[in-house]
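Enquirer: with the sequence up front, the predicted model follows.
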Amino acid sequence: MAGLFYSAVGCRRGSLWGFYLARQVETRFEGRRWSMPARVYSDSTLLFPGQKINPSAFEQKLRRLGYREVDNNPTHPGEMRIGDRSFDIYLEDVATPFLTRNSHPVRIEYRKSKIRHITHLETQAQMPLLELEPEELTRLFGQERERRSLVSFEELPKT
């Protein structure tokens, strides 16, 4: 009979310990639900011959996408060269639910604010459509969904 009593006490303690641990895990991770930033992206940008284009606005769009200007022909993903009537862009690899593309160089030629040609520079093929990757609009943090800017330690003000 004593063995049955001790077994019941042991089961009760084990159950209480299990509930305690479950509550500790729940409490610990409940506050971290939004510790990862939510990223908000624009739709992808479609370009095609005949489309109106504002060259300065398009240049700014490329810069926001992370493309950097080079003096010579772009040879690496993320580079661009701006000509008088053209943009040479070495496109980045893209993998989204709706778009998968390997990096490659293209030239977008325009005249009188209209795209004339889009050329795949490795194959010299004319492209009827080019889809640029979505632009990250913002990152939201925390339950309040506040916007934060990530900075390195070196960027912090000296006090």
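Expert: Okay, I see it.
Enquirer: can you give the domain ranges for the protein?
Expert: 1-30, 38-139 (automatic domain parsing).
Enquirer: now render those as JSON lines, adding mean pLDDT and distance to T159.
Expert: (Glycine included, C-beta is placed from N, CA and C.) What follows is these, written out as JSON lines (pLDDT from 0 to 100; distance: least, CB to CB, whole Å):
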{"stretch": "domain 1-30", "mean pLDDT": "67", "distance to T159": "33"}
{"stretch": "domain 38-139", "mean pLDDT": "92", "distance to T159": "26"}
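Enquirer: most tightly surrounded among those domains?
Expert: Among these, domain 38-139 has the highest mean neighbour count (mean count of other CB atoms under 10 Å), at a mean of 14.
Enquirer: distance between the ends of it?
Expert: 6 Å (CA to CA, to the nearest Å).
Enquirer: then stretch 54-72?
Expert: 23 Å.
Enquirer: for that stretch, give me every contacting residue.
Expert: Stretch 54-72 is contacted by residues 45, 78-82, 87, 89, 92, 110, 113, 132-133, 135 when judged by CB atoms under 8 Å, 6 or more residues apart in numbering.
Enquirer: what about that stretch, distance to the chain center?
Expert: Averaged C-alpha coordinates place stretch 54-72 at 17 Å from its chain's average position (CA atoms, centre = their mean, to the nearest Å).
Enquirer: ditto for stretch 39-51
Expert: 15 Å.
Enquirer: so what touches that stretch?
Expert: Outside of stretch 39-51, the residues that reach it under the criterion CB under 8 Å, 6+ apart are 53, 61, 96, 98-99, 108, 114-118, 126, 128-140.
Enquirer: look up phi and psi at the spatially most central residue of the chain.
Expert: Note on the chain: the residue nearest the mean C-alpha position is E136, at 5.6 Å, using CA atoms, centre = their mean. For E136, the backbone dihedrals are phi -70, psi 120 (criterion: degrees, to the nearest 10).
Enquirer: okay but T100 is in contact with E131, surely?
Expert: No. Taking contact to mean CB atoms under 8 Å, the distance of 10.5 Å between T100 and E131 leaves them out of contact.
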